[in-house]
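In: Mind looking at a prediction? Sequence and model below.
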Amino acid sequence: MEDLDLSRSEIVFIEPLTVRIPTAVELTGLSRSRIYELIVSGDLEVVKVGRSTLVLYTSLKALVGR
């Protein structure tokens, strides 16, 4: 097994492709109702997978960056 050189370690953040509604609420500080309003208005892009609603992370970043 290879030894890890902790002196050269880097923290890498991998952005998720999508997040669930509760995570979108946490990340933005907006209410659950407001998140759904933004989805209906088309300001947030979502993907439905079965019964789950997944918000595109890039869409959240664009919303916060406005």
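Out: In hand now; what should we look at?

In: From here on, just use CA atoms for contacts and neighbour counts.
Out: Will do.

In: what about the helices in the protein?
Out: With DSSP state H, the ranges of helices along the chain come out as 21-28, 32-41, 57-64.

In: name the helices or strands packed onto the second one?
Out: If I follow you right, that is helix 32-41. helix 21-28 (3 or more C-alpha pairs under 8 Å, 6 or more residues apart in numbering; DSSP states H and E).

In: got the angle between the helix it packs on and helix 32-41?
Out: 100 degrees (axes from the mean of the first three to the mean of the last three C-alpha atoms, to 10 degrees).

In: Just the buried positions in helix 21-28, please.
Out: 21, 24, 25 (16 or more other C-alpha atoms under 10 Å).

In: now swap in stretch 52-61 and tell me
Out: So, applying 16+ other C-alpha under 10 Å, buried residues of stretch 52-61: 54, 55, 56, 57, 59, 60.

In: For residue 38, give its distance to residue 50.
Out: 21 Å (C-alpha to C-alpha, to the nearest Å).
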